[in-house]
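> model the structure of this input:
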Amino acid sequence: MAEASDHADNTKICSHCDRAIPSSNIDLHYAHCSRNLEKCKICDDMVPRKHAEEHYSSTHAPVSCSLCNEMMEREILAVHKGEKCPKRIVTCDYCEFPLPAIDLSEHQEVCGNRTELCHLCNRYIRLRERVSHEVTCNGVPNNMAEIPRGIREAEREHAARRPPPPPPQDISTRRLLFTIAITGIAILIGYFISRENQTSDN
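The predicted structure is shown next:
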């Protein structure tokens, strides 16, 4: 205990850098410290005076995110780009489509409500419920009556939005229309040729 107090008595705190310095060296240290070092006003680190500007620009000067243009300190830029930037690219949990993080919630709200057929139980399952369904699915096929009404209605709406298939056309009808078109063209050509001949005769 006496040794510790002796050690404390043998040091003094430099008024410039706040470090404990041996008493015998305090004057020499202070002269060197105050002339060559300066305390950063932001992080309180002691940095060489000649590098103070470089320290500020490389550590504390605001930089803009190349994705969203938000200004921030350089030291937090990497975390911002990786975890917080609203325009960083993320992927949808359901379809793995890459899109900006700011659009993810709205996309997943729609995407998670899409349904896919479970080939074990023959039911349509929302993508947002697929993982929990796979855990509990017993593989027993269900008939349409057991499918929840909401899913049935969603499937009906999806089917209603599909364009109707083109009506089957009879080949003979196509041939007849083609023949009529060719005949009409031939008549028009004949008519213009006869008018030209009449004009040249007059």
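> which helix or strand lies directly C-terminal to the lowest-mean-pLDDT helix or strand in the chain?
For the chain, scoring each helix and strand by mean pLDDT, DSSP states H and E identifies helix 2-9 as the least confident one, at a mean of 47. For helix 2-9, the following helix or strand on the C-terminal side (DSSP states H and E) is strand 11-13.
> elements contacting that following strand?
strand 20-22 (3 or more C-beta pairs under 8 Å, 6 or more residues apart in numbering; DSSP states H and E). Bear in mind the C-beta positions are built from the backbone N, C-alpha and C, glycine included.
> again, only using 10 Å
Packing contacts for strand 11-13, counted by 3 or more C-beta pairs under 10 Å, 6 or more residues apart in numbering; DSSP states H and E, involve strand 20-22, helix 26-36.
> okay if I get the ones you listed as CSV plus mean neighbour count and distance to L117?
Formatted as CSV, the helices and strands packed on strand 11-13 follow (neighbours: other C-beta atoms under 10 Å; distance: least, C-beta to C-beta, whole Å):
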stretch, mean neighbour count, distance to L117
strand 20-22, 14, 74
helix 26-36, 13, 75
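> format the ones you listed as JSON lines; extra columns: distance to Y94 and mean pLDDT.
Converted to JSON lines, the helices and strands packed on strand 11-13 look like this (distance: least, C-beta to C-beta, whole Å; pLDDT from 0 to 100):
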{"stretch": "strand 20-22", "distance to Y94": "60", "mean pLDDT": "89"}
{"stretch": "helix 26-36", "distance to Y94": "60", "mean pLDDT": "87"}
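> switch those over to a markdown table; also include distance to S64.
Formatted as a markdown table, those follow (distance: least, C-beta to C-beta, whole Å):
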| stretch | distance to S64 |
| --- | --- |
| strand 20-22 | 41 |
| helix 26-36 | 33 |
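> can you check which of these gets nearest to E53?
Within these, the stretch nearest E53 is helix 26-36; the backing value is 15.0 Å (C-beta to C-beta).
> wait, which of the helices and strands packed on strand 11-13 is closest to I125?
strand 20-22 (68.1 Å).
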